[in-house]
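Visitor: Take this sequence and fold it.
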Amino acid sequence: MRLSVLSLPTKGCEAYGKSIRRDKLEGEVGELIKRLELAPALMNMAVAMFKKAWSIREHQAVDATTHLKRQLTEVKQTLKKTVDRLLDTSNDAVVRACEDKISDLEKAKVLIEDQIANGTASRGQFTCAALPLALHYG
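Guide: Below you'll find the model as predicted:
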């Protein structure tokens, strides 16, 4: 069995040139990391940053929903005008063109309605209770 060792390369260090077993060093560093804690000021800053990011995302979701609703209204108006034009015409070429446009508009309408229903759903309110657990090293 061969032991894995690390050699300390820093000149001027009291342990310069000495070897340390890798598992001992990694174990001690691991214990040190477990004892680390975020300073309260840093934790408060992180919470404030996440709250702001969450708020920005919520506003973006509201804006996106408003935009989609506006698009839906426009598609419905265009659809109504196209159906009226279809009913008023007897030209076969115009009828086919109107039918194709109606089909495309119906597809767009369904897509937009789906995006409104599913794409910009609110993720709820930001709560800072779970954030310290996520940021904790231990």
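
Visitor: Next, name the residue at the spatial heart of this protein.
Guide: In the chain, the centroid-proximal residue (C-alpha atoms, centre = their mean) is R57; its distance is 8.8 Å.

Visitor: Give me the pLDDT for that one.
Guide: Looking at R57, its pLDDT is 87.

Visitor: distance of it from D114?
Guide: To D114, R57 is 21 Å away according to C-beta to C-beta, to the nearest Å. For every residue, glycine as well, the C-beta is placed using N, CA and C.

Visitor: Could you tell me the phi and psi values at the residue nearest to the centre of the chain?
Guide: phi -60, psi -40 (degrees, to the nearest 10).

Visitor: any idea how far it is from S90?
Guide: From R57 across to S90, the span is 53 Å (C-beta to C-beta).

Visitor: now do E113
Guide: Distance from E113 to S90, by C-beta to C-beta: 33 Å.

Visitor: who has more neighbours, these two?
Guide: Using other C-beta atoms under 10 Å, the more surrounded residue of E113 and S90 is E113, with 14 against 6.

Visitor: What sits closest to that one if chain neighbours are left out?
Guide: L72 (6.7 Å; C-beta to C-beta, 6 or more residues apart in numbering).

Visitor: count of neighbours near the one you found?
Guide: Number of residues near L72 (other C-beta under 10 Å) recorded here: 17.

Visitor: Touching, it and K109? I think so.
Guide: Yes: using C-beta atoms under 8 Å, L72 is in contact with K109, at 6.7 Å.

Visitor: what's the overlap in contacts for the two?
Guide: Residues touching both L72 and K109 by C-beta atoms under 8 Å, 6 or more residues apart in numbering: none at all.

Visitor: remind me which residues of the chain are low pLDDT?
Guide: 1-9, 15-18, 20, 120-138 (pLDDT under 70).

Visitor: the strands in it, which residues?
Guide: 5-7, 19-21 (DSSP state E).
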